[in-house]
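Trainee: no sequence on this one, just coordinates:
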């Protein structure tokens, strides 16, 4: 067994000079961004007073700096100013404003970076090993079809615009805009590492916030590691999905609200409330489900401080968090399109009502079982897998204890604990009602923290009985069982981060991306220019996870299961003899079909007429052009 686990790891990733050079370049870009975020955060929090240590300050400052960067990038994008010169000018202006009159802040930021690395050596070592997975090319569905495609399109267009060909033309883009510098640099590793970084911020925030809530240090450390090693967190840690960032920013929002309490002086509190508002606004503006948290954020701020004192938080959260929702209202009259549109019986310019119902049935199918599903939900979260009802990798055993946190009555009376408990249980209820897939469990770090509070309450009740070493060890063993058990799956999933060889040449890159999808696809993409097909828009039937690679090569892709120019519309147009007209309406010069996707490609015998010319067709795919015959293409 030991040998099989050793052989499972792709050790060459850690000594291949090409891989190490790529890793060093990506890390250098990320840590420059981190240093920028640390310095920029001093625009809001110029002093370091009030933090418990370097780890807490680092987590909150980097989260705050990323929020400020997101706000700046959003404004530039909406003004159509996505150009390196404008980004550098805006970034420089933000740094100057942060350092004006306090030039030593830059050195203090470097000192903070050094201290947090030294305070958490084991953690950063593990994170460094996990970061190699960020070098693996995009191949998963959402990052390749959506998350990474939008920044590329924006950079090419010079700003943020509404793209009718995308699956979700109107959305909340607070984290998407952070991918823009990486898109300008021409790579994907920085985008992957941003997600990886937020997982690290969540670890540090969870550990230090637990300490603030008087959780015993071994329990606090155990909780932080349990979150980081949760299989579903590992699954998306180094991918351009927004689930780990959402987990991080919900936790950071709670952490900042705790710090912006009545104990702050009248002079300091507004700055802390602005910081909390920016972090909460970042979370709310990353995914439309964040809008449900706004009333709770308002209530938590009001209950602790009153409306007048909480006003800086409320204003910043409303303006920054509501930016994309306000834009959607201006464009289509719906802050969360197409939900409200269809609820009011109105038409949506991008989706049909059937599209919406299809999506909702897909994400809520398991809830049709009723109360029996919810009764077994904590256990389903522990045994989840990709073919199960929760569809993704599992959580760990802490989910079994989490519901008991509702009985922490003494903690509910404390403002700091109440913030954590309220956000955790509201997030869990919203998740179970709206979209109970494990990767959407953005309350995960708060859930782990609630279980840490449970164990701390048990430790307080036991009191002197834990005075002896054997009793303490038995208590910690029980905590270990629930934090990392009961199936022992944490390690088996953790090692999968090291299962893949980082590609160092184009052939290996294409083969990796082609895993679980046609390996020929990117090879074909590489040959298109040489075969006389200039970069033009292409309709891709199926395989929309490869939109990123086509977009990057200069062949923008149209086609999806819902939205404008959906697959079903092409099928109907083909049956009516209007396939060529359909491609014209989608402004597509080429049509590429994977013959294994759905039923339509099995009926391609007549697709060459009228108006389309077949360029290539075999057992794998078919390629047609709307333009006159191109030379050089044959089987």
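Mentor: Received, thanks. Quick caveat: nothing in here was measured; it's all calculated off a predicted structure.
Trainee: Quick check: chain neighbours aside, which residue is closest to residue 566?
Mentor: residue 560 (6.1 Å; Cβ to Cβ, 6 or more residues apart in numbering). In short, each C-beta sits where N, CA and C put it, glycine included.
Trainee: next one: residue 64
Mentor: Nearest to residue 64 is residue 41, by Cβ to Cβ, 6+ apart, at 4.2 Å.
Trainee: One more: residue 452?
Mentor: residue 223 (4.0 Å).
Trainee: State the helix or strand in which the one you found lies.
Mentor: helix 217-228 (DSSP states H and E).
Trainee: Show me what that helix is packed against.
Mentor: The helices and strands touching helix 217-228, judged by 3 or more Cβ pairs under 8 Å, 6 or more residues apart in numbering; DSSP states H and E, are helix 189-212, helix 444-462, helix 469-484.
Trainee: average pLDDT for the last one?
Mentor: Looking at helix 469-484 alone, the average pLDDT works out to 86.
Trainee: After that helix, which helix or strand is next?
Mentor: helix 489-494.
Trainee: circling back: check the burial of the residue nearest to residue 566 by counting its neighbours.
Mentor: Using other Cβ atoms under 10 Å, the number of residues around residue 560 comes to 21.
Trainee: where's residue 542 relative to residue 78, distance?
Mentor: Per Cβ to Cβ, to the nearest Å, residue 542 is found 33 Å from residue 78.
Trainee: Of those two, which one has the most company?
Mentor: Taking other Cβ under 10 Å, residue 542 and residue 78 do not tie; residue 542 has more neighbours (22 against 16).
Trainee: got a pLDDT number for residue 356?
Mentor: If you check residue 356, the pLDDT there is 79.
Trainee: contacting residues for residue 70?
Mentor: For residue 70, the contact set (Cβ atoms under 8 Å, 6 or more residues apart in numbering) comprises 174, 175, 177, 178, 282, 285.
Trainee: What about the residue most central in space within the chain? Give its phi and psi, please.
Mentor: Nearest to the geometric centre of the chain sits residue 242, at 1.0 Å (Cα atoms, centre = their mean). Backbone torsions of residue 242, given as degrees, to the nearest 10, read phi -110, psi 10.
Trainee: nearest residue to it other than its sequence neighbours?
Mentor: In space, residue 242 is closest to residue 175, 5.2 Å off (Cβ to Cβ, 6+ apart).
Trainee: Just the pLDDT for that neighbour.
Mentor: pLDDT recorded at residue 175 is 95.
Trainee: Contact partners for the residue nearest to residue 566?
Mentor: By Cβ under 8 Å, 6+ apart, the contact list for residue 560 reads 145, 165, 166, 167, 544, 566, 567.
Trainee: and the third one, what does it touch?
Mentor: With contacts defined as Cβ under 8 Å, 6+ apart, residue 166 is in contact with 146, 149, 150, 560, 563.
Trainee: Show me which of those residues is closest to residue 102.
Mentor: Comparing the contacts of residue 166 against residue 102 with Cβ to Cβ places residue 150 closest, at 36.3 Å.
Trainee: That closest one: which element?
Mentor: Here residue 150 is assigned to helix 149-157, by DSSP H and E.
Trainee: tell me the average confidence for that helix?
Mentor: The average of the pLDDT scores along helix 149-157 is 93.
Trainee: now the angle between helix 189-212 and it, please.
Mentor: Interaxial angle, helix 149-157 versus helix 189-212 (axes from the mean of the first three to the mean of the last three Cα atoms, to 10 degrees): 130 degrees.
Trainee: Flag every buried residue along helix 149-157.
Mentor: Neighbour counts over helix 149-157 (16 or more other Cβ atoms under 10 Å) mark 149, 150, 151, 152, 153, 154, 155 as buried.
Trainee: List the contacts of that helix.
Mentor: By Cβ under 8 Å, 6+ apart, the residues outside helix 149-157 that reach it are 77, 82, 160-161, 163, 166, 173, 176-177, 179-180, 182-184, 191, 547-548, 551-552, 556.
Trainee: helices and strands around the helix or strand following the helix holding residue 223, which ones?
Mentor: Sequence order places helix 231-236 as the next helix or strand after helix 217-228, per DSSP H and E. Contact partners of helix 231-236 among helices and strands, from 3+ Cβ pairs under 8 Å, 6+ apart: helix 243-259, helix 489-494.
Trainee: returning to that earlier point: now the contacts of residue 70 as TSV including neighbour count and distance to residue 54?
Mentor: Putting the contacts of residue 70 into TSV (neighbours: other Cβ atoms under 10 Å; distance: Cβ to Cβ, whole Å) gives the following:
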residue	neighbour count	distance to residue 54
174	28	27
175	25	25
177	24	28
178	25	24
282	31	22
285	28	29
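Trainee: Mind picking the two most distant members of these?
Mentor: Based on Cβ to Cβ, the longest span within the contacts of residue 70 runs between 178 and 285 and measures 11.7 Å.
Trainee: what's the farthest-apart pair in the buried residues of helix 149-157?
Mentor: Greatest spacing in these, by Cβ to Cβ: 149 and 155 (11.0 Å).
Trainee: What is the burial count for the residue lying closest to residue 195 once chain neighbours are set aside?
Mentor: Sequence neighbours aside, residue 244 is the residue nearest to residue 195 in space, at 5.2 Å (criterion: Cβ to Cβ, 6+ apart). For residue 244, the neighbour count with other Cβ under 10 Å is 30.
Trainee: could you measure residue 244 against residue 143, distance?
Mentor: Distance, residue 244 to residue 143, by Cβ to Cβ: 12 Å.
Trainee: what do you get for residue 415?
Mentor: When Cβ to Cβ is the yardstick, residue 415 and residue 143 sit 39 Å from each other.
Trainee: More neighbours: the two, which one.
Mentor: Legend: neighbour count by other Cβ under 10 Å for residue 415 and residue 143, higher for residue 143 (24 against 16).
Trainee: OK, contacts around the nearest residue to that one once chain neighbours are set aside?
Mentor: With sequence-adjacent residues excluded and distances taken as Cβ to Cβ, 6+ apart, residue 143 is closest to residue 240, at 3.9 Å. By Cβ under 8 Å, 6+ apart, the residues touching residue 240 are 138, 143, 147, 148, 179, 188, 191, 192, 195.
Trainee: Please give me every residue in contact with the second one.
Mentor: Read that as residue 143. By Cβ under 8 Å, 6+ apart, the contact list for residue 143 reads 239, 240, 241, 545, 548.
Trainee: which intervals of the stretch 251-400 of the chain have sub-threshold pLDDT?
Mentor: Residue ranges of the stretch 251-400 of the chain with pLDDT under 70: 366-368.
Trainee: Please enumerate the strands of it.
Mentor: Counting by DSSP state E, counting those that start in this stretch, the stretch 251-400 of the chain has no strands at all.
Trainee: show me where it has helices.
Mentor: 269-284, 294-305, 307-316, 323-332, 339-343, 353-364, 371-375, 377-383, 398-401 (DSSP state H, counting those that start in this stretch).
Trainee: got the buried residues for the fourth one?
Mentor: Using 16+ other Cβ under 10 Å as the burial criterion, the residues of helix 323-332 that qualify are 323, 324, 325, 327, 328, 332.
Trainee: Switch the contacts of residue 70 over to TSV; also include distance to residue 390.
Mentor: Output for these, formatted as TSV (distance: Cβ to Cβ, whole Å):
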residue	distance to residue 390
174	26
175	23
177	30
178	28
282	26
285	26
